[in-house]
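Chemist: Here's my sequence, what's the structure:
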Amino acid sequence: MNFRWDKKYLYWGITAFLVICASICFYYLLFHSSKLWDGFFSVFNIVMPIVDGFVLAYLLSPVLNHIERKLLYPAFSSITHTEKQNFTLKMKKHLRKLGILITLVLVSAFLYCFFSIVIQQLVDSIHSIILQFPYYIHNLSEWIVGIFDSNQELEITVTALLDRYSSRLETWVTSDLIPQANALVRTISTGLIGNVIGIAKALWNLLIGFIISIYLLDGKENFAGQGKKVIYSLFSRETANVFVSNIRFIHRTFIGFVSGKIVDSIIIGIICYLGTNLMGTPYPVLISVIIGVTNVIPFFGPYMGAIPSAILILMVNPTQCLYFIIFILVLQQFDGNILGPKILGDSTGLNSFWVIFSITFFGGLFGIIGMVIGVPVFAVIYAGIKAITHRRLEEKNLPVSTVDYVNVFSIGQDGTLIQNEMAQEKETEPEGSRIGFGDSWLLLKRKNRSHTVSSDSNAGHASEKDQ
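Modeler: Numbers count the residues shown, from 1 in each chain. Okay, the predicted model is just below:
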């Protein structure tokens, strides 16, 4: 008996094999996911210097571009009387190397000034806080006693609460707080060597990444061209054009938001330092650094920096704390309504609700890093969903503007948008003519049934006529 080969058996065999492989992968992913995560983090730790290099090059790229466009190209053109478009490849390479050198010198000088001046002031401020902390507590206690002296009822209430919960507080300190503190001290002492090794490894990765970033900056156009060549070789021309356009949009969104937010935070920190100095606020450098750093986080950042700063000032001088809170509120209004829009513009295209949502969601997933990059990441996702929605609506010959759908009650068969006013006119019809959700389904079913019956009867008449 001869066996007749059929391609469908081959397809069945390949399908069965793929199903078995997918089942094995799903089982391993379900019950051994920890090993996969360990492997992923191991690979991530290996490529960390390269990641650091990409991040540094991406952040330094706008500085390099600005130096080339505003400084080097005009200066070289005036010296050689050559237009920018007539620069030879060799000239551009030399100007690129000079631009990288100037960029690194400027960034290094800024970091040196920051660490030599600001960090020293921060260390002195923290040291002073630690030494004078009992004195600050005494000032705060006297201020609270002064408030109680003017309000006897409040003093009686607080005293009763202290008497009621003092024993519980003592029990909690002796039974829970002290043992946990001892365990924490043991954990820190045993993990100190590991932390030192981790910090040294992170610094080494950062140094290697800094060297890698120089090579990335030197050949960034070449790397971009290689990436486009791969994209156009893998996809069709239309798909590749859309893909490259989306990459440009992602780049504009990220670099516009991140670089603009850094510049905005530096300006806010400087303004805060000048204002706190004029008001005589204690520890102006420390407070200004806290305000400037936390301002990188949109929306929640100013409050995250203002609360601990206000508590610190409250312990030193309660009156200055009130002045500081008023100053911060004015400063944040200036940042949110004038400075921020001037620097950032509408780089994300998100309203306030989606900004809060993205910060909360990505902050819960990735912590502080998620709060910083959550807004541009969600802006890209939002733009992608918006583009897909608009394309599907255009395929159905429907309007894409959100304003057109605000008062829509339904859409007619011809694509006409039925507004709420028309729906209200239908509500004025007699009671028996109103159709609810369930009734509309029944009516549609009866209509289909009657249409079927009429079609059958027409078919019967047609057959009789043929006979």
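Chemist: Please report phi then psi for N407.
Modeler: phi -110, psi 20 (degrees, to the nearest 10).
Chemist: same question but for F409, I mixed them up
Modeler: Torsion angles, degrees, to the nearest 10, at F409: phi -100, psi -40.
Chemist: For it, give its distance to T416.
Modeler: Counting by CB to CB, to the nearest Å, the separation of F409 from T416 is 11 Å. The way it works is simple: take the backbone N, C-alpha and C, and place the C-beta from them, glycine included.
Chemist: of these two, who's got more company?
Modeler: Using other CB atoms under 10 Å, the more surrounded residue of F409 and T416 is F409, with 13 against 10.
Chemist: how close does the more buried one get to I418?
Modeler: Distance, F409 to I418, by CB to CB: 5 Å.
Chemist: L322 too?
Modeler: Taking CB to CB as the measure, L322 falls 57 Å from I418.
Chemist: ditto for R252
Modeler: Counting by CB to CB, the gap from R252 to I418 is 39 Å.
Chemist: Also L98?
Modeler: 65 Å.
Chemist: can you check S125 too?
Modeler: Distance, S125 to I418, using CB to CB: 66 Å.
Chemist: neighbour-wise, which of those two wins?
Modeler: Counted by other CB under 10 Å, S125 and I418 do not tie: S125 has more neighbours, with 18 against 14.
Chemist: tell me the mean pLDDT for the helix or strand harbouring the more buried one?
Modeler: Element membership for S125 (DSSP states H and E) is helix 119-131. Average pLDDT, helix 119-131: 72.
Chemist: now swap in stretch 103-112 and tell me
Modeler: What stretch 103-112 shows for mean pLDDT is 88.
Chemist: Alpha carbons of it, in PDB - could you do that?
Modeler: Extracted C-alpha coordinates of stretch 103-112, given in PDB (Å, rounded to 0.1, in the frame of the first residue of the first chain):
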ATOM      1  CA  THR A 103      30.200  69.900  26.000                       C
ATOM      2  CA  LEU A 104      32.200  67.700  28.300                       C
ATOM      3  CA  VAL A 105      34.100  70.700  29.700                       C
ATOM      4  CA  LEU A 106      30.900  72.600  30.400                       C
ATOM      5  CA  VAL A 107      29.200  69.600  32.000                       C
ATOM      6  CA  SER A 108      32.200  68.800  34.100                       C
ATOM      7  CA  ALA A 109      32.600  72.400  35.200                       C
ATOM      8  CA  PHE A 110      28.900  72.400  36.300                       C
ATOM      9  CA  LEU A 111      29.200  69.200  38.200                       C
ATOM     10  CA  TYR A 112      32.400  70.400  39.900                       C
END
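Chemist: What score does the spatially most central residue of the chain have for pLDDT?
Modeler: With distances taken as CA atoms, centre = their mean, G374 lies nearest the centre of the chain, 1.2 Å away. Note on G374: pLDDT of 85.
Chemist: Tell me who's in contact with it.
Modeler: Applying CB atoms under 8 Å, 6 or more residues apart in numbering to G374 gives the contacts S358, I359, F361, F362, G363, F366.
Chemist: got a winner among those for most neighbours?
Modeler: Going by other CB under 10 Å, S358 tops these with 25 neighbours.
Chemist: My understanding was that that residue contacts I373; is that so?
Modeler: No - with contact taken as CB atoms under 8 Å, S358 and I373 are classed as non-touching, separated by 9.4 Å.
Chemist: Name the residues of stretch 97-113 that are buried.
Modeler: Across stretch 97-113, burial judged by 16 or more other CB atoms under 10 Å covers G99, I100, I102, T103, L104.
Chemist: any chance of those residues in CSV, plus distance to T88 and secondary structure?
Modeler: As requested, the buried residues of stretch 97-113 are exported to CSV (distance: CB to CB, whole Å; DSSP: H, G, I helix; E, B strand; the rest coil):
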residue, distance to T88, secondary structure
G99, 16, helix
I100, 19, helix
I102, 21, helix
T103, 22, helix
L104, 25, helix
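Chemist: possible to save the residues you listed as JSON lines with distance to I343?
Modeler: Formatted as JSON lines, the buried residues of stretch 97-113 follow (distance: CB to CB, whole Å):
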{"residue": "G99", "distance to I343": "23"}
{"residue": "I100", "distance to I343": "25"}
{"residue": "I102", "distance to I343": "23"}
{"residue": "T103", "distance to I343": "20"}
{"residue": "L104", "distance to I343": "24"}
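Chemist: quick one: which of those is nearest to S233?
Modeler: I100 (30.2 Å; CB to CB).
Chemist: who's in contact with the closest one?
Modeler: Shown in contact with I100 (CB under 8 Å, 6+ apart): L64, I214, L217, D218.
Chemist: most surrounded residue in the residues you listed?
Modeler: Counting neighbours by other CB under 10 Å, L217 comes out on top of these with 23 neighbours.
Chemist: Look at that one and give its secondary structure.
Modeler: helix (DSSP: H, G, I helix; E, B strand; the rest coil).
Chemist: any idea how far it is from R248?
Modeler: L217 sits 19 Å away from R248, going by CB to CB.
Chemist: And R237, by the same measure?
Modeler: Using CB to CB, we find R237 at a distance of 17 Å from R248.
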